[in-house]
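In: Need the 3D shape of this:
(one chain, ligands or ions: 1)
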Amino acid sequence: MSRIAYVNGRYVPHSEASVHVEDRGFQFADGVYEVVAVYKGQLIDEAGHLDRLERSLSELQIAMPMARAALSQVLRRMVRLNLVRDGLVYFQVTRGVAPRDFPFPYAAMPTIVVTARSKTFPGRDVKPVMVITTRDQRWARRDIKTVGLLPAALAKQKAREAKAFEAWQVDDDGYVTEGASSNAWIVTKDNVIVTRQADHNILRGITRMALLEFARENGFRFEERAFTVEEAQNAREAFISSASTFVMPVWKIDEVAISNGEMGPVARTLRDAYFDAMEKLADQAKQGC
Ligand code: PDD
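Out: Predicted coordinates:
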């Protein structure tokens with residue numbers, strides 16, 4: 001099966017899909033993106049991701065490239081055309097094509113690209129992963145999901161070289177902000193779930209919001225606050241969350257083991273809850289509601 005990409009209103013073979021050399025996404029990283037998981041053919045947390053896309057765009061004064069309902073149709077069509085049962089849909093929106101100049105162009109149409117690919121997600125039972133820590137070198141508006149991902153790519157490369165799964169970003173005061181492409185969580189010795197407050201220093205993860213909602217509804221104790229690397233290394237549990245990992249338990253942080261290599265009870269409960277919600281969505285879709 002050949003893959004299909006969506007570029008500015010056209011469904012084209014993935015191998016031929018392209019954007020203009022003077023697209024501001026390419027020249028200035030002047031654009032934003034979203035990643036949505038597909039589980040059993042359903043887009044997971046679609047509304048949250050579209051809300052965040054609208055917010056990221058409005059913070060940068062870029063117009064939505066099309067009406068939200070139309071974009072939603074494109075995402076669904078891309079899932080079908082690429083025969084994605086489980087996988088990820090990526091969409092990038094940039095300020096568009098204009099002669100190279102730093103200020104915003106007076107007239108440019110936003111560029112939109114959508115791609116979809118299959119991915120086999122690990123099931124409910126998952127082996128904890130290792131994370132390293134690295135200095136957070138990103139800009140001051142990490143709440144905007146920009147395509148300017150060079151610091152994240154450098155951090156991920158460092159993680160790969162250390163045979164780790166993720167790189168936790170550490171701010172100048174020694175506090176963890178988040179992972180290079182995920183939110184960071186710990187569970188303290190007295191069973192309080194802690195994740196950093198969602199201000200300009202982190203991306204307001206859609207998975208993070210779903211997990212906090214679950215914690216709230218189920219009477220878990222949680223705090224939205226910053227924690228240090230040392231506190232994390234002494235925690236009862238640690239895990240990460242994102243659209244591509246859901247909830248992924250952490251085994252070691254910079255070589256310090258925080259568990260016996262098995263998933264902790266809180267991570268397990270939250271991962272199960274996320275899978276339950278995805279299954280429910282898939283069942284509802286099957287029954288046509
Ligand atoms: N990354 N923080 C950062 C810096 C991220 O890039 C991501 C997502 C998250 C988690 O957000 P969410 O739960 O909405 O996926 C937090 C995606 C998956 C990526 O770039 O591949």
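In: Can you name the residues bridging to Phe246?
Out: Ser242 (DSSP bridges).
In: ok, now which ones touch it?
Out: The contact partners of Phe246, by C-beta atoms under 8 Å, 6 or more residues apart in numbering, come to Ala37, Phe121, Thr207, Arg271, Tyr274, Phe275. The way it works is simple: take the backbone N, C-alpha and C, and place the C-beta from them, glycine included.
In: Do you know the pLDDT at the second one?
Out: Okay, so that is Phe121. Here, the pLDDT recorded for Phe121 equals 97.
In: and if you look at the fifth one?
Out: At Tyr274 the predicted local confidence, pLDDT, stands at 97.
In: could the contacts of Phe246 go into JSON lines alongside distance to Gly25?
Out: Converted to JSON lines, those look like this (distance: C-beta to C-beta, whole Å):
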{"residue": "Ala37", "distance to Gly25": "23"}
{"residue": "Phe121", "distance to Gly25": "28"}
{"residue": "Thr207", "distance to Gly25": "25"}
{"residue": "Arg271", "distance to Gly25": "34"}
{"residue": "Tyr274", "distance to Gly25": "31"}
{"residue": "Phe275", "distance to Gly25": "34"}
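In: could I get those residues as CSV with distance to Asp143 and neighbour count?
Out: Supplementary listing: the contacts of Phe246 in CSV, determined by distance: C-beta to C-beta, whole Å; neighbours: other C-beta atoms under 10 Å:
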residue, distance to Asp143, neighbour count
Ala37, 21, 25
Phe121, 26, 17
Thr207, 15, 23
Arg271, 25, 24
Tyr274, 22, 22
Phe275, 28, 16
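In: In strands, which of these fall?
Out: In this view, these that belong to strands under DSSP state E are Ala37.
In: from the contacts of Phe246, which are also near the ligand?
Out: When the contacts of Phe246 are filtered against the ligand using C-beta under 6 Å from any ligand atom, the residues retained are Thr207.
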